[in-house]
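Undergrad: Quick one, what's the 3D model for this:
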Amino acid sequence: MPLVTLTVRRGKDAAFKSAVLSGVHNALVASGVPPADRFHRVLELSAEDFRYDASYPDLPTPRTDDFVLIEVLLSVGRSVKVKRKIAVDLIDALRQSPGLAPDDVMLVFKETAWENWSFGGGRFIHV
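TA: Residues are numbered from 1 along each chain as shown. Down below sits the predicted model:
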């Protein structure tokens, strides 16, 4: 069960946020995540509270106010090859809709063990 957190600068409309989350979800589904496994949250922060370097580490074009930070918390076990495919699929999708430049997308994978997930009612279904 990936948990997706999208952080954007305040002021992005619902269509922008939905397009980004759809791109993320579709990339995850293409990697084997079940289509119904959708748990997403959006954090909207002011420019004062969402600060980032425009070109770190060595981007060819500077980041803009459209910059998005996408964090994907998932269970341990996916290979680097799978994560790279998710990243490529995600960047391709976001380039198409909502039209993000690849350098305006930062993707971070975080991993946790299966026993750290309780999907509801205190039940642990993977231990």
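Undergrad: give me phi/psi at residue 104?
TA: Main-chain torsions, residue 104, degrees, to the nearest 10: phi -90, psi 10.
Undergrad: and if you look at residue 12?
TA: When read as degrees, to the nearest 10, the backbone of residue 12 gives phi -70, psi 140.
Undergrad: Touching, it and residue 44? I think so.
TA: Yes - counting by Cβ atoms under 8 Å, residue 12 does reach residue 44; the two are 6.9 Å apart. Every residue, glycine included, has its C-beta placed from N, CA and C.
Undergrad: neighbour count winner among the two?
TA: Each of residue 12 and residue 44 has its neighbours counted (other Cβ atoms under 10 Å); residue 12 has more, 18 against 14.
Undergrad: who's in contact with the more buried one?
TA: By Cβ atoms under 8 Å, 6 or more residues apart in numbering, the contact list for residue 12 reads residue 44.
Undergrad: again, but for the one 4 residues further on
TA: The contact partners of residue 16, taken as Cβ under 8 Å, 6+ apart, are 8, 98.
Undergrad: and residue 103, helix, strand or coil?
TA: helix (DSSP: H, G, I helix; E, B strand; the rest coil).
Undergrad: number of nearby residues for it?
TA: For residue 103, using other Cβ under 10 Å, the count is 16.
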